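> only geometry, no sequence info:
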C-alpha cells in the first residue's frame, strides 16, 4: 500500500488531534481529582482549626509519592488529630503532584494542537499552490 504525501499528512493531522483530545481528557480527570483533594483538605482544615487554633504546627518532611493517582480512603470518624494532620499534609503533597501533572498535560496538549494547526496551515498552502499551478 502506497500513501501519498497528502495521505501521510492527513494521518499525522488526525493523530495530532487525537493526542490533543486525549491530553484534554486526562487534564479534566486530574482536575476532578485535585478538586476532590481540595474538598477533603478543606474539611480537615476546619476540623483541625476547631481544636488546635493556637497550636504551633510542625512542618512535615515530604517523601515522594508514586506517580499513579489514587485518592486515599476517608478517615475513620474517630481519627485522632495527629492522623487528621498527617492526612492533610499527605493531601497537600498529592495536590501539588497533581498540579504538576496538569501543567505537563497542558503543555503536551498545546504542542499537539500547535502541530495540528501547523499541518492544517500546510494543507491550505498546498491546496492554494496546486490551484495556482493549475491556472
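Structure's in. What do you need? Not measured: the values here are computed from a predicted model.

> from here on, contacts and neighbour counts on C-alpha atoms
OK.

> can you tell me which residue is nearest the centre of this structure?
Nearest to the mean C-alpha position of the chain, counting by Cα atoms, centre = their mean, stands residue 102 at 2.5 Å.

> list the contacts for that residue?
27, 30, 31 (Cα atoms under 8 Å, 6 or more residues apart in numbering).

> Who wins on neighbours among those residues?
residue 27 (21 neighbours; other Cα atoms under 10 Å).

> circling back to that earlier point, any idea which of the contacts of residue 102 is closest to residue 121?
Residue 121 lies nearest to residue 27 out of the contacts of residue 102, by Cα to Cα, at 26.5 Å.

> returning to what we had before: just say helix, strand or coil for the residue nearest to the centre of the chain.
State at residue 102, reduced to three classes by DSSP: H, G, I helix; E, B strand; the rest coil: helix.

> what does residue 79 give?
With three-state DSSP as the criterion, residue 79 reads coil.

> From residue 72, how far off is the residue nearest to the centre of the chain?
19 Å (Cα to Cα, to the nearest Å).

> next one: residue 90
Relative to residue 72, and taking Cα to Cα, residue 90 is found at 9 Å.

> Looking only at neighbour counts, state which of those two leads.
residue 90 (18 against 11).

> Run the chain-centre distance for whichever strand or helix holds the more buried one.
With elements taken from DSSP states H and E, the one containing residue 90 is helix 81-134. Here helix 81-134 is found 8 Å from its chain centre; the criterion is Cα atoms, centre = their mean, to the nearest Å.

> Now it: average pLDDT?
If you average the pLDDT over helix 81-134, you get 82.
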